[in-house]
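*Asks:* Would you be able to build a 3D model of this:
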Amino acid sequence: MADEPSDDPSNRRQQLVTERTLELVDKQIGRGEPPTPEEWQGLRALAGGDVEAERLVEELQSVVRRFDEQLRARFGSADPSVDLARLRQGLAHLVREIVRRKAAAAAAPPSDAN
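*Replies:* Prediction:
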């Protein structure tokens, strides 16, 4: 099963980074709560010098930030016809899928393109 913990420290680290990122997606996009700088710094520390995990954190933070900024820019005025909580939940689901796919791609062995 794909969600089972890996014995490989690098893969396990990437899994932990992904899990913590998904928590931040739920917090920042799903509930509209701003993250603390320490949360993303904690993810970078969790990457522990693993270049792929650090790159993944940077990419994921960028995705989460962009979605949150777009959501706030478009719906920050709280138009009464917009169910903002429902919209946030739908976007959180979408971003979770993006995060999972990026994490899976980062964990996949490189393919021989030759």
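*Asks:* okay, and for the chain, where does confidence drop off?
*Replies:* 1-7, 76-81, 111-114 (pLDDT under 70).
*Asks:* what about the helices in it?
*Replies:* 9-25, 37-47, 51-75, 84-107 (DSSP state H).
*Asks:* And the third one, what does it pack against?
*Replies:* With contacts defined as 3 or more CB pairs under 8 Å, 6 or more residues apart in numbering; DSSP states H and E, the secondary structure elements packing on helix 51-75 are helix 9-25, helix 37-47, helix 84-107. For glycine as for every other residue, the C-beta is placed from the backbone atoms N, C-alpha and C.
*Asks:* will you turn those into a markdown table that also has mean neighbour count?
*Replies:* Formatted as a markdown table, the helices and strands packed on helix 51-75 follow (neighbours: other CB atoms under 10 Å):
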| stretch | mean neighbour count |
| --- | --- |
| helix 9-25 | 18 |
| helix 37-47 | 15 |
| helix 84-107 | 15 |
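*Asks:* Out of the ones you listed, which is closest to residue 74?
*Replies:* In terms of CB to CB, the element of those nearest to residue 74 is helix 84-107, at 9.3 Å.
*Asks:* from the chain's centre, how far out does that closest one sit?
*Replies:* In this view, helix 84-107 has its centroid 7 Å away from the chain centroid, taken as CA atoms, centre = their mean, to the nearest Å.
*Asks:* That one to helix 9-25, inter-axis angle?
*Replies:* Angle, helix 84-107 to helix 9-25, by axes from the mean of the first three to the mean of the last three CA atoms, to 10 degrees: 170 degrees.
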